[in-house]
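Trainee: Sequence below, structure please.
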Amino acid sequence: MNSRLALNPLAQLAVSLPLRPMLQRLPGVWLVFVVLLGLVGPAHFPFAFAAYALLLHVLSLNAAARVAFGAFCALRGATRHSFEDWPARFQAATGFARGDLRADLPFDDVAHVIIIPGYKENMDTWCETLDILASHSLALSQYKICLAMEAAEKDCETKAMALVSRYIDSFLQIVYTIHPRGIDGETAGKHSNVSWAARQMTRKSKSVKTDLITVMDCDTAFAEDYFTAITYHFAVADKDSRILQLFAPGTVFDRNADEVPVFVRLSDMLWSAGVMGNYVPFSPITIPCSAYSLSMELAQAVNFWDVGPEGMGEDMHMFLKCFFATEGRIKVTPIYSPASCLNIVGAPGSGMYGYMMARYGQAKRHMWGGIDDGYALRKALLGIVAPGYDNVIIGRKQRTSDAKNKNTPAAVDEDMQFDLYKLMILFHRLAEAHIVGGHMFILIIMTGLLVPLGPNPSDLSISYWQAITDEAVHPIVILACNICGYIRITSLLTVIACAYYYEQYQRWVGNTRWKLSKMGDSQPLTTEQSQYVNGIHIGVGKRVQHLGRRAELETVRTRWNYLDWFAIPITGLFYQALPQIQTQIMQLWTDRLDYVVAARPTLKNHPASHPVPEEPGIVHVFGGHERMPGEPLSVAIPPLDMDDVETLVSTRVEHGPDEILVLQGLKAHRLDKSNSNMHLSSTTTTSATAASTTTTITSTTTPPQQLQVPLHLNGNGNNNNKYTSHHSHTNSFSSSTDFVSDASTLSFPTSPRMGFVQQPPAPFVSQGSPMLKSYGQHHLAHHQQQQSQHQHQPDRNFSQNTYFDSTASKDDEFTAWDDHEEDSDVVIS
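Mentor: Predicted coordinates for the structure are as follows:
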């Protein structure tokens, strides 16, 4: 909060009120009043009852009509999107080819930092998601994958290391972060994990202004054209407006829908359709759902994701945070290449009941986002009466009597810059998501049971009415109930339209476009006769662009699936109205919700092919080779390019038996597999007083050469292990047979936690090392030059203490590299 901001009396009053707890309980209090209105309103407050009932039905009809139109727009947008060549469109828009450095932001210079949070996810889910991303043509040049692991998950670093080693050659960068447990003020969930990972990736980024952060679930599958599309939109945007960019794809549940009950399947379809209603062209408010992308500069400017209870629904909450930080100037671009999602499943053997209860738990978590209503009200109130007090305002200039005098209170240039129309639409969308459904259900049920309407009212309604009043039902109540009935009938027409366009949309994005893309160059170009696809004009000479690999599971919808839509009344009751009512009642006394991870379906091709190492706390998978229990720690090193790896350490979880963990940070140019091979073997010993590790690297060429790299630890258990380097290297390849390997060994006592975030300095290699002799005098001269350049520079030592602090918070520096001027503990001979 900006304590230096000059506040008028009204603003001082507003900031002095306990708005957070008051507004958090507002939806629950409102719900109680709606129940009272349903009980006594028709008899004693007929006009208030009639007005509110009509308002709810009009809002509901408006939402249903907009969703139907959104499904129509989504079908048209997805069809056009699939045929769009985004690099060619970039060249047409800017006049520069994708790699032309003369462009303001070249197409190839946009890096995608893809954060994938996971907690207790199985390896087949991880591997399928990464296999899909690795199949994209931008993966090797522009994808920076961050596996956001949770310290609460046992052996998460073992799983992360296995994934890093398997996919190290598939992306520009693949790293992992481990979100610690027990940070003050944090609640467990996707929001706090994503915030932690985004902070670390931003700290390590050298191009914050040109990086895009994409947040996706571990089971989300993106087609390649999503990333090419957001690259285009970001690159062609005005330089000053890139910080305001946020990209929102739709969602589609097209993978295991045929394996779940109809009510679960339909609830997810309605959720996706509701997202489409946000993306209509005339809507000034577009709220992302589940997966989305935003500029790294924007995430940094708003201080990343909120980690408290309010941030539980991190997609909507992050949008709201950015919306109020930019005073509504944030630009959200719908992307019509949807995120493919899995329907939630129940525990094995739980049957239909287990599946439906699992989906109910997910619906309750979605409706917990109703806490954002109070957050938005507080931000709007303070944004209007005290701009800049509660958050940083992006894009605003402050007016001060003396800008250089820090003691002079700052004042904004105007009292308010919010667009009131946008604010009104925003609260309309929030009401649709968290208010309308539950309140309509309460009034409809109470009216039907307790108000004697029609020629043959029930005995219950007659008895209740006589108990609360002696008067007849007011005519305005009868009129309102009749109008509401007609509105509900009219809404059925919008449901039919929505079902028609949504089914076409899902068949296109879930099946047809993938079949066409898979044909590759054999796919026929559109002609004069075939230039209309799904009734939409595409043009001549077009084909569906490369989409990458499709997810393994696939659901094909047929005409029989239209019958699913008849389950809307039951689905709406169990997965919107009831969860909404329950969560709003719970929020009267708590802002915390236990985060439960949903089960995932079992894949056919992945389960046993990606096992997790059995020994807890020991990373014994590297380079795609798995060490079986009992075998020595030995791995075959494939051609690697690990320029962006840095080792971090933490002791925040318990491991199995104390062991010494050896991590090899390797950087290699291309290895000629026909005549070269490298193996690494490591032996470890542990005692009560000392620990030592020796690593041997053997490079088999003609003749074979060997390099011994012993590393000595301080075995007194005081975390003084150091990793020192004087040598640096570059990214370039000289030829396919020019192979250089720098082996960097780290050793830690008592099984520390380890994570990757960028590059460890390569070790200093003496000029007489056998490895250098085998590569010629030019390599020797290069290393001598590097040694000379770094002779008087301070060592970069690895300090575990930097990250071992048990009081670490979200603001702690994540890296464990510190500068010291001490002698190296690494001895290379």
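Trainee: dump the residue contacts of Ala92.
Mentor: Taking Cβ atoms under 8 Å, 6 or more residues apart in numbering, we find Ala92 in contact with no residue. C-beta coordinates here come from the backbone N, C-alpha and C atoms, glycine included.
Trainee: Kindly list the longest helix within the chain.
Mentor: Longest among the helix segments of the chain by residue count, using DSSP state H, is helix 46-83.
Trainee: Now the element after it, going C-ward?
Mentor: Later in the chain than helix 46-83, the nearest helix or strand by DSSP states H and E is helix 86-94.
Trainee: What are the buried residues along that following helix?
Mentor: Trp86, Pro87, Arg89, Phe90, Gln91, Thr94 (16 or more other Cβ atoms under 10 Å).
Trainee: what's the neighbour count on Lys364?
Mentor: 18 (other Cβ atoms under 10 Å).
Trainee: you'd agree it is up against Gln582?
Mentor: Yes - counting by Cβ atoms under 8 Å, Lys364 does reach Gln582; the two are 6.3 Å apart.
Trainee: Now do the helices for the stretch 251-400 of the chain: every range, in order, please.
Mentor: 262-278, 296-301, 314-325, 351-367, 371-385 (DSSP state H, counting those that start in this stretch).
Trainee: Let me know the angle separating the last one from helix 314-325.
Mentor: Looking back up the chat, that one is helix 371-385. Inter-element angle recorded for helix 371-385 and helix 314-325: 10 degrees (by axes from the mean of the first three to the mean of the last three Cα atoms, to 10 degrees).
Trainee: Please work out which residues outside helix 371-385 touch it.
Mentor: Counting by Cβ under 8 Å, 6+ apart, 8, 10-11, 14-15, 19-20, 22-27, 309-310, 312-313, 316-317, 320, 324, 327, 389-391, 415-416, 418, 423, 426-427, 430-431, 434-435, 587, 591 sit against helix 371-385.
Trainee: Are any of those buried, and if so which?
Mentor: Buried residues within the contacts of helix 371-385, counting neighbours by 16+ other Cβ under 10 Å: 11, 14-15, 19, 23-27, 309-310, 312-313, 316-317, 320, 324, 327, 389-391, 418, 423, 426-427, 430-431, 434-435, 587, 591.
Trainee: Please flag which of these sit within strands.
Mentor: Judged by DSSP state E, these include no members of strands.
Trainee: in the stretch 351-500 of the chain, which segments are predicted with low confidence?
Mentor: Applying pLDDT under 70 to the stretch 351-500 of the chain flags the ranges 388, 391-392, 395-417.
Trainee: go with 80
Mentor: 386-418 (pLDDT under 80).
Trainee: what's whichever helix or strand Phe234 is part of in contact with?
Mentor: Using DSSP H and E, Phe234 maps to helix 224-236. With contact meaning Cβ under 8 Å, 6+ apart, helix 224-236 is reached by 81-82, 84, 86-87, 89-90, 93-94, 103-107, 109-110, 112, 135-138, 142-143, 212, 214, 242, 245, 247, 249, 293, 295, 333, 335, 337, 339, 545-548.
Trainee: Pull out the buried positions in that helix.
Mentor: Using 16+ other Cβ under 10 Å as the test for burial, helix 224-236 gives 224-236.
Trainee: Ok, stretch 252-272 next?
Mentor: For stretch 252-272, by 16+ other Cβ under 10 Å, it's 252-257, 259-272.
Trainee: coming back round to it: closest one to Met123 among the helices of the stretch 251-400 of the chain?
Mentor: helix 351-367 (21.1 Å; Cβ to Cβ).
Trainee: What is that closest one packed up against?
Mentor: Helix 351-367 is packed against helix 262-278, helix 578-586, with contacts defined by 3 or more Cβ pairs under 8 Å, 6 or more residues apart in numbering; DSSP states H and E.
Trainee: Let's see that with 6 Å instead.
Mentor: Contacts defined by 3 or more Cβ pairs under 6 Å, 6 or more residues apart in numbering; DSSP states H and E place helix 351-367 against helix 578-586.
Trainee: quick one: the helix it packs on to helix 371-385, angle?
Mentor: Going by the same axes, to 10 degrees, helix 578-586 makes 60 degrees with helix 371-385.
Trainee: so whichever strand or helix holds Leu130 versus helix 224-236, what angle?
Mentor: Taking DSSP H and E as the definition, Leu130 sits inside helix 123-134. Between the axes of helix 123-134 and helix 224-236, defined by the same axes, to 10 degrees, the angle is 50 degrees.
Trainee: what are the C-alpha coordinates of helix 123-134, in CSV please?
Mentor: Extracted in CSV, the C-alpha atoms of helix 123-134 (Å, rounded to 0.1, in the frame of the first residue of the first chain):
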residue,chain,number,x,y,z
MET,A,123,4.4,-39.7,-14.8
ASP,A,124,2.2,-40.6,-17.7
THR,A,125,0.3,-37.4,-17.4
TRP,A,126,3.6,-35.4,-17.2
CYS,A,127,5.1,-37.2,-20.1
GLU,A,128,2.1,-36.9,-22.4
THR,A,129,1.9,-33.1,-21.8
LEU,A,130,5.7,-32.7,-22.4
ASP,A,131,5.6,-35.0,-25.5
ILE,A,132,2.9,-32.8,-27.0
LEU,A,133,4.8,-29.6,-26.3
ALA,A,134,8.0,-31.1,-27.6
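Trainee: picking that back up, and the helices of the stretch 251-400 of the chain as CSV, adding distance to Asp459?
Mentor: Output for those, formatted as CSV (distance: least, Cβ to Cβ, whole Å):
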stretch, distance to Asp459
helix 262-278, 32
helix 296-301, 60
helix 314-325, 45
helix 351-367, 33
helix 371-385, 39
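Trainee: Those helices: which one's closest to Ser458?
Mentor: Short answer: helix 262-278, nearest of those by Cβ to Cβ, at 28.0 Å.
Trainee: What average pLDDT does that closest one get?
Mentor: In this model, helix 262-278 has a mean pLDDT of 94.
Trainee: can you give me the angle that helix makes with helix 351-367?
Mentor: Using the same axes, to 10 degrees, the direction of helix 262-278 lies 30 degrees away from that of helix 351-367.
Trainee: What helices and strands are in contact with helix 262-278?
Mentor: Under the contact criterion of 3+ Cβ pairs under 6 Å, 6+ apart, helix 262-278 touches helix 46-83, strand 245-252, helix 568-572.
Trainee: List of residues touching it?
Mentor: Helix 262-278 has contacts (Cβ atoms under 6 Å, 6 or more residues apart in numbering) with 66-67, 70-71, 74, 250-253, 257, 286-287, 289, 343, 355, 359, 498, 502, 564, 567, 571, 575.
Trainee: Break down the stretch 501-650 of the chain into its strands, ranges please.
Mentor: Per DSSP state E, counting those that start in this stretch, the stretch 501-650 of the chain carries strands over the ranges 532-533, 536-537, 621-622, 625-626, 633-636, 647-650.
Trainee: Could I get the full set of strands for the stretch 101-250 of the chain?
Mentor: 111-117, 143-150, 173-179, 211-215, 245-252.
Trainee: of all those strands, which lies closest to Met519?
Mentor: strand 245-252 (21.3 Å).
Trainee: Can you say which of the helices and strands packed on helix 262-278 is packed in most?
Mentor: Highest mean neighbour count among those (mean count of other Cβ atoms under 10 Å): strand 245-252, with a mean of 25.
Trainee: quick one: contacts for Val544?
Mentor: Neighbouring residues of Val544 by Cβ under 6 Å, 6+ apart: Ser82, Arg513, Leu516, Ser517.
Trainee: what about 10 Å?
Mentor: By Cβ atoms under 10 Å, 6 or more residues apart in numbering, Val544 lies in contact with 79, 81-84, 225, 512-519, 523, 526, 533, 538.
Trainee: Can you check the pLDDT for it?
Mentor: Note on Val544: pLDDT of 94.
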